[in-house]
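# give me coordinates for this.
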Amino acid sequence: MIKRILVLVVAIQFAGCAELQKVVSQLPSGGGVLTQEQIGNGLRQALDHGIENQVTKLTSVDGFYKNDLVKILLPQELQAVDNGLRKIGLGNLADEGIKALNRAAEDAVKTATPIFVDAVKEITFADAKNILLGDQNAATSYLQSKTNQSLYNSFSPVINQSFSKVGADKIWSNLITKYNSIPFVNKVDPDLTSYVTNQALKGVFTMIEVEEKGIREKVGLRDTALLKQVFALQDNR
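From the prediction side, this is the model:
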């Protein structure tokens, strides 16, 4: 009986060693177990990289306008405006209106980039490991869910200022006036500031997501020791 017990104990020990070896093999090279705080800091670095490497592209001329991922188009309720102006030979004005919306977003993101940087610094990851081991855009989605409303409140006045700065307010005032003067059309009075604010925020998160996916998929984009260590956990899951 004692012999059987000893055999059983040894078997359990071997099984335990095998399980332990499996866990160790999944740890990043050169390190012990990462804490939630370390993983959270790694995720913040990835999001910061998204702002530095991708969101800044939106601030250049045509950063929105010539980027199919984020280009701001007219909302559904203004499609009639676009079609109506083109029917009466004012297609150039319609094109100018779309470009003006994108110019406002480009200018606003340039001014408001510190808002996004601060949002990343202040975010607290409730379960950093699950986010790390989640979908390829899990960190970006988490940031968006936790900060979108506060970012909207901070970003909206910046968009409003940019409308005036790039002349989008005058362009759209002229465009809407001309459209409303067309006989038999339903008059429109759109809240373009709110619309462009939402679209610009969507563009920002889209570009942060691009960087997050890149870091998750390409080891070469992990240019800090922490990024390498944290995302190695994801590679070995």
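# go ahead and flag the most central residue of the chain.
Of all residues in the chain, the one closest to the mean position by C-alpha atoms, centre = their mean is residue 205, 1.7 Å from it.
# okay, it and residue 137: tell me how far apart.
In this view, residue 205 and residue 137 are 9 Å apart by C-beta to C-beta, to the nearest Å. No exception for glycine: its C-beta is placed from N, CA and C like everyone else's.
# cool, residue 187 as well?
In terms of C-beta to C-beta, residue 187 sits 40 Å off from residue 137.
# between these two, which one's more packed in?
Each of residue 187 and residue 137 has its neighbours counted (other C-beta atoms under 10 Å); residue 137 has more, 18 against 9.
# so what's the gap between the longest helix anywhere in the chain and the chain middle?
Secondary structure of the chain read by DSSP state H shows that its longest helix is helix 91-122. Offset of helix 91-122 from its chain centre (C-alpha atoms, centre = their mean, to the nearest Å): 14 Å.
# tell me where the model's unsure across this protein.
1-32 (pLDDT under 70).
# which SS class is residue 136?
For residue 136, the assignment made with DSSP: H, G, I helix; E, B strand; the rest coil gives coil.
# thinking again about what came up before, excluding its backbone neighbours, what's nearest the residue nearest to the centre of the chain?
Spatial nearest neighbour of residue 205, chain neighbours left out: residue 144 (5.0 Å); criterion: C-beta to C-beta, 6 or more residues apart in numbering.
# so what's the residue count around that neighbour?
Neighbour number of residue 144 under other C-beta under 10 Å is 18.
# so where does it fall, helix or strand?
helix 138-165 (DSSP states H and E).
# which ones are touching residue 148?
Going by C-beta atoms under 8 Å, 6 or more residues apart in numbering, residue 148 touches residue 201.
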